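Q: Pasting the sequence and the predicted coordinates here, then a few questions.
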Amino acid sequence: MATQTVEEMAAGLFHDVAIPTIHIGMATCGLAAGARSIEELVVKELEKRGIDARIVPTGCIGMCHNEPLVDITMPGKYRVSYRNVKALIIPQIFDAHFVKGEFAKKYAVCQIPIAGHTAYEGLPLMAETGFFKGQVKIVSSRCGLIDPSSIDDYIATNGYKALRKMLTEMTPEIVIDEMTKSGLRGRGGGGFYTGLKWKLTRQSPGEEKYVVCNADEGDPGAFMDRSILEGDPHSVLEGMLAAAYAIGNAKKGYIYCRAEYPLAIKRLRKAIDDARERNFLGDNILGTDFSFDITIKEGAGAYVCGEETALLASLMGERGMPWPKPPFPAQKGVWGKPTVINNVETLGNVGHIILSGGDWYASYGSEKTKGTKTFALTGSIKNSGLIEVPAGTPLRSIVFDIGGGMLEKKIPFKAAQLGGPSGGCIPVTGLDTPVDFENVIAAGAIMGSGGIVIMDEASCIVDTAKFFLKFTQDESCGECTPCRVGSKIMLEILTRITEGKGQEGDLDELIRLSMYVKSNSLCGLGAAAPNPVLSTIRYFREEFEAHIRDKHCPGTVCANLIKYVVIEEDCTTCGLCEPVCPTGSVTWDKGEVAHINLETCIRCKACVDACKFRAII
Amino acid sequence: MVKLTVNGKEVEVSAGTTILHAAAAAGIPIPTFCYNPRMDPAGSCRICAVELEDSKRTVMGCITQVVEGMKVLTESPKVHEARKTNLELLLLHHPLDCPICDCGGECPLQNMSFSYGGADSRFESHRNDELEDMKSEVLVFNSNRCILCGKCVRVCDEIQDVHAIGFINRGFDTVIGPPLGKKLDCEFCGDCLEVCPTGAITDRFVRYQFRPWQMEKTETTCTSCGSGCRMIVDTKSEAIVRISAREGLGPNEGSICVVGRFGYNAVQNKSRLESPHFKRAQRLVPGNWEEILPKVAAQLASISSSGEGRVAGLISSQLPIEDAFLFQRLMRQTLKSNFIDSDARQGLMNMAIPLVSATGSLRPLVDHEDIIAADMIVVLGADPAAESNITGLAIKKAVRKNKAALYLIHGHDVSISTRAREVIRLLPGSEESFLTMLREALSSGTTSLSPEGRQRFQGLGASPEAVDRLLSDLRASKRTVFITGRRFHRSDQGFGASMQLIRLMAERNMFASEGSGLFVLPESGNDLGVLMMGATAEWLPGLLDAANAEQRSVWETHWQTKLPSGGGGLREILAGIEAGEIRALVSFGVDPLTFLPDVAQIRKTLSKLELLVVVDMYQGPLADMAHYLLPAASPFERTGHVVSAEGFVQPLAPAMAPWGLALSESEIMLRLARHMGRALPFDDLASLSSEVFRIFPDLRPSTRNAPYFQGGTGEILLSVPRTQPPHKAQRESVLARVASFVKADLPATVAPASVSSSERPENSFVLTLSKSINHAGTRTLLDSNLMAIEGEGFLKVPRSWARKRKLKKGACVLVSTHHGRISLPIDPVAGLADGEVHYPLHFADARFMALFPRHLSFNAQSGTQSGQAIDVTVEPIA
């Protein structure tokens, strides 16, 4: 038995709707792209035309590059998705649907099938588009389809069915067995087997146990958890309920969510209130003797609080600093009691696994990494957004099939940064790496929580390493020496290199210090902090050496290391560089190769950035 | 058990042991910065890295537990490289101002760099150059030197439970200090200063005044309270410049309170007496021992030969057992008088008499370890943190570590209040009524109080709900420790309350159950020892009844002399002087004019004396009246032994030469006896000590030394075994006596004395005296350090009362009684019993004491002066 198809799921949302429905992507990505004003315009336009329609805000369907997204579903027809909706095109879309009874081909991306409804002709189905083709949506299956603030939408799409099944048909041991069978591993990046974690917590003696959801997603460029919380909050609650049931003696759960996710927190609050009202949370859930409730704890903005022990310390009102393990949270967690702590995405998968079985889930993925994994795809890539693919999908297919290739067609792929500040860079030669826990580690990065930043040849690898190290250095809690001081010294060396003050031997020192910090730090933050440096040196040593020895930045990013010389063969004589120069140092005549006067040049990089052909180095 | 090898040496330890401890068991030290055996390991400094031979991984010794077959290398090249890099990183931003750093020379960071550091650094960075935090008068925080090992924060959290300092900022910018950049406001125990492995926290009182190698170290015992802290006194050119505790040393195991650590300047105050004085023409003039002692001896001899009980003697209960033993023998045998008393009368006698008659012992059945292990602790009329700091730490630890149910039955909130399950605020002088009612409620067997019972408790100011909770916890508790302190002992109902408490404990079978018992907080460093040595009219040495001829004969045989009967304590002494029967008084460090009200009347009484000999360190009010004033050595200048609240018998050691011509009290006594031609059979204090220990084998020196890691040098070894000769009373011998005590009738229940608060008119309060944590007695007012910390007495008034009158801290109010009036600055606080105000006893000078009634009253059974609380009117000064 498999989980619902999109078609079946969507049918649940439309089975008794006789009026048109307009879905607007109102997750953070949509709102940032202006969804709020689009919603107002849609309302106005409907009023103007006197149309009675239902407006439903949804979470993120993954196509962040296409936001704002507006979907229109006419009664009995498939749901049509429109991308990059602006004020001017709303009347055109409305004309198409409400006047002509067709769809606006120019702006439509795809149509989402609904069981029992009919399709439009000439518009690809969602699953046929390049972006969705390679994807398998399990944990993000509801995101973007349902109204996340409606518990009815969740229930209509199989929501809380797993809870009912668990409470009526399964013992806690069977729940743990299913989790073990599924092979689900911690999606926060740790990769610890969830079934085993639950089992250990269950075995830990204690009259009082706790479930904690780690929603302190902090990696730069990662927004998987946010998308799930904003798009499908109830699935996380259901996962926590399962964890509580499985470990036994757990009456209380906490969601530790970073305060920088106000919308996610708002959605969670609403979800918890609604779930309480329907008795999915609270005392004697669904008439059984199982009771469980959830409290939200907002983080105070420290990255290290994503580390489980620091998170627990912060949760208990202490300074967010990690403690040495053992004791593991499964032995001694919140308030000194056995605690299971899982990431949002991990918990989001649980309901699907319980409903469709561990074996079903394990049928996806690679040998050691079962199931699917969400990734936040960003950087110099065409289709940036949230994707979910079976573990083991090659990096190449993520970047070039789903991601649609490079943002600037002419600038080729240089590297993919995986795993955020704890991860590393994979170069062109590693494009065929299957993306799962083991293979990515072998390639020198980590799968991490799922952030993938794509870099093209116009980026500087030293600068990238510096960026991530700066991040960890800022976020180090300051407790242990290697991380606190070591990362600072490493950053100072990298900064020196990007400023053209690199010295022979810097790389060896960097590697030596990296190894020290890696093997001597107290928690995962410090132990992983050197990864971006080590992996970039491993694959791009020449580029580092170019910075140190030749005092040149091949990516033309480090302002001090650019020669400000125009390469004649590359110059298209377009003249874009001339007007941007603040000191008038660039001379150019129509049809001529530009020339830069180095005497007056202040190395501001304006011309370099303006040149689309990378002719200035 | 788990077997492993450390540097090839096989060692077997129990499962769960860390590598650090396993290596120590094999005699192999692993260096640490952030580790301290008293606290949970933090694993933050990463200097204790060791290599696992099989996996070639480095792990941290302090947090990694051993596994079977583990092969640990503590000094491999890889380990050295890790430590070297660690130190390189630590020293990179360190200011390296070692030449002017107080820590230089005894700095673990220096030592560690010497042992493991590299000669130069391969990295370049800036030196830290932040301004020091100089807001506190006591401690200076220098973030530049800090290596963020966090021990200071943890000692403040985990040992002191004060939480005064913490980490501020994040990452490399992390500094340590009080929250929100405020001035340090804490108990000033200085434990953070003690554990700091660098000069990041320094002692502002003595900054830049010494180099560690200039100092001589002396290990001695603090006599300020009953905790019996073992401490190291550092002297430079015969002057004390620093006092510290040492990890694992003594019952305090490395902690010491503000008075112990910083209160060393009173003994070096210029007002110390340098030479013996005699009175000539109404003035005390200096002389020398050879001239003065024979005169004193002659007068004493002459007066004492006129009959029994002509001479009275007082002795300070800070003096060692040797002095107390000698004192009572001199008084009884040489001067033929049983008019003898000590400070312990006021502080302890209300409890001591019932306790000795019930159990036959003054030593406790429980010690700090039992307090820590207790499931319930009931503190009666005490502020443990202020009265016996280390007991306070034990209580906090019991609550924090073992979730003990703590009940505080006291007039006002004290530092442990926040840890208490319930604080029952009781008006002064209602302790006996409270305990009687509690005992009755317990034996009634009903689960909650009757409406009538609730009302009666309410009448005492106690919340019936809290009492209900106390009762149910008492019924369920398996290990209960009762702790009584100053307010309880000195209460007008103190004697009866002690009787009721012992009775209650006996009825609940607490004397029989291991781990349960009564822990009495004495007020001075040797209250227990002074009483055990018989320096009181009631008891002969060994707590034999002085009024019982049969028991007296034990000592009469031993000393081959007839001992005087009759006599009495301070009450009888004052009456005897007034009546002209007592013609001479010798006081060894006791000045009744500093603690009794109506000084004028007492002065008049004392002026009738033919001979007043005062032996003291300072010239106090009594000394002004003396015919002879003899300079005494301070506890830092002499030897001897004192008995702590836990029953440990610990030695004093001279850290400095006697002040001027000062002599120890026992030396003065020995010389006096010799001059009188009635020499006692001791050559010196050493022979006196051995005699005391020969007679009382139970009292041979004992202490508690925890296994310790010598953290100060960075080289760490578990070495000192836990030696612990018996210090507690024998449960079996106590039990038999308790049984017969319970059969004896108790006095009838007294009715609640106080009026309930609702009937109290506005501005009318009960005034009590309380002990401050920053002072001990009145002598510490001469200590410049302690006066810098707390230099003025504030009347603690209810915050709501002050707020209503728009009075802030420091505003003056007029306090008046029928007898006198005084203007005092106030400190508005929360957590006072309804209708109570209190004032630190140290600042209660003669002007203050004039508030009290002119006549003295004493408890009939114990001779303890009563009237410790008084009704006052407090009014704002317009």
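A: Cool, the structure landed. Here the structure is a predicted model, which is why all the values come from computation and not from measurement.

Q: and chain B, which of its residues are near chain A?
A: B:41-47, B:49, B:57-58, B:60, B:63, B:65, B:81-82, B:85-86, B:89-90, B:92-93, B:122-125, B:147-148, B:150, B:166-167, B:169-174 (C-beta under 8 Å from any C-beta of the partner chain). Any C-beta I mention is one placed from the backbone N, CA and C, and that applies to glycine too.

Q: List only buried entries from those residues.
A: B:41-47, B:49, B:58, B:60, B:63, B:65, B:81-82, B:85-86, B:89-90, B:92-93, B:123, B:147-148, B:150, B:166-167, B:170-172, B:174 (16 or more other C-beta atoms under 10 Å in any protein chain shown).

Q: Restricted to strands, list the residues you listed.
A: B:Ala49, B:Thr58, B:Met60, B:Gly166, B:Phe167 (DSSP state E).

Q: the bottom helix or strand of the chain by mean pLDDT?
A: Chain wasn't specified; assuming chain A. Using mean pLDDT, DSSP states H and E, helix A:6-14 stands out as the lowest-scoring helix or strand of chain A, at a mean of 84.

Q: you looked at the wrong chain, it should be chain B
A: Sorting the helices and strands of chain B by mean pLDDT, DSSP H and E puts helix B:731-743 at the bottom, at a mean of 80.

Q: so what's the residue in chain B that chain A sits nearest to closest to, chain neighbours aside?
A: Chain A sits closest to B:Thr174 of chain B, with a gap of 3.2 Å, by C-beta to the nearest C-beta. Spatial nearest neighbour of B:Thr174, chain neighbours left out: A:Gly478 (3.2 Å); criterion: C-beta to C-beta, 6 or more residues apart in numbering or on different chains.

Q: What helix or strand is the one you found located in?
A: In the assignment (DSSP states H and E), A:Gly478 maps to no helix and no strand.

Q: where does it land on pLDDT?
A: Note for A:Gly478: predicted pLDDT of 90.

Q: Enumerate every residue touching residue 435.
A: Going with chain A. Contact analysis of A:Val435 by C-beta atoms under 8 Å, 6 or more residues apart in numbering or on different chains lists A:Lys373, A:Phe375, A:Val389, A:Ala391, A:Gly392, A:Thr393, A:Pro394, A:Leu395, A:Ile398, A:Leu418, A:Met447.

Q: The intended chain is chain B.
A: Going by C-beta under 8 Å, 6+ apart, B:Leu435 touches B:Leu380, B:Ala497, B:Gln500, B:Leu501, B:Leu504.

Q: So for the strand or helix carrying it, mean pLDDT?
A: Element membership for B:Leu435 (DSSP H and E) is helix B:431-444. Helix B:431-444 comes out with an average pLDDT of 90.

Q: can you pull the buried residues of it?
A: B:Glu431, B:Glu432, B:Ser433, B:Phe434, B:Leu435, B:Thr436, B:Met437, B:Leu438, B:Arg439, B:Ala441, B:Leu442.

Q: wait, isn't the residue nearest to B:Thr174 in contact with B:Ile168?
A: No: the criterion here is C-beta atoms under 8 Å, and A:Gly478 misses it with B:Ile168 at 9.6 Å.

Q: more neighbours, those two?
A: Higher neighbour count among A:Gly478 and B:Ile168: A:Gly478, with 23 against 17, using other C-beta atoms under 10 Å in any protein chain shown.

Q: May I have the phi/psi pair for the more buried one?
A: phi 100, psi 0 (degrees, to the nearest 10).

Q: tell me the domain boundaries of chain B?
A: B:2-75, B:129-264, B:277-343+B:527-698, B:349-520, B:757-876 (automatic domain parsing).

Q: and these as CSV, adding distance to A:Pro75?
A: Output for these, formatted as CSV (distance: least, C-beta to C-beta, whole Å):
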stretch, distance to A:Pro75
domain B:2-75, 64
domain B:129-264, 56
domain B:277-343+B:527-698, 86
domain B:349-520, 64
domain B:757-876, 67
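
Q: which stretch among the ones you listed comes nearest A:Ser384?
A: Evaluated with C-beta to C-beta, those place domain B:129-264 nearest to A:Ser384, the distance being 30.1 Å.

Q: Can you show me the CA trace of stretch B:25-38 as CSV?
A: Extracted in CSV, the C-alpha atoms of stretch B:25-38 (Å, rounded to 0.1, in the frame of the first residue of the first chain):
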residue,chain,number,x,y,z
ALA,B,25,43.9,5.4,39.7
ALA,B,26,47.0,4.1,37.8
GLY,B,27,49.0,7.0,39.2
ILE,B,28,49.2,8.8,35.9
PRO,B,29,48.3,12.5,35.9
ILE,B,30,46.4,14.1,33.0
PRO,B,31,46.6,17.9,32.8
THR,B,32,43.3,19.8,33.1
PHE,B,33,42.1,23.4,33.2
CYS,B,34,38.3,23.1,33.4
TYR,B,35,38.0,19.9,35.4
ASN,B,36,37.2,20.1,39.1
PRO,B,37,36.3,17.0,41.0
ARG,B,38,33.5,18.7,42.8
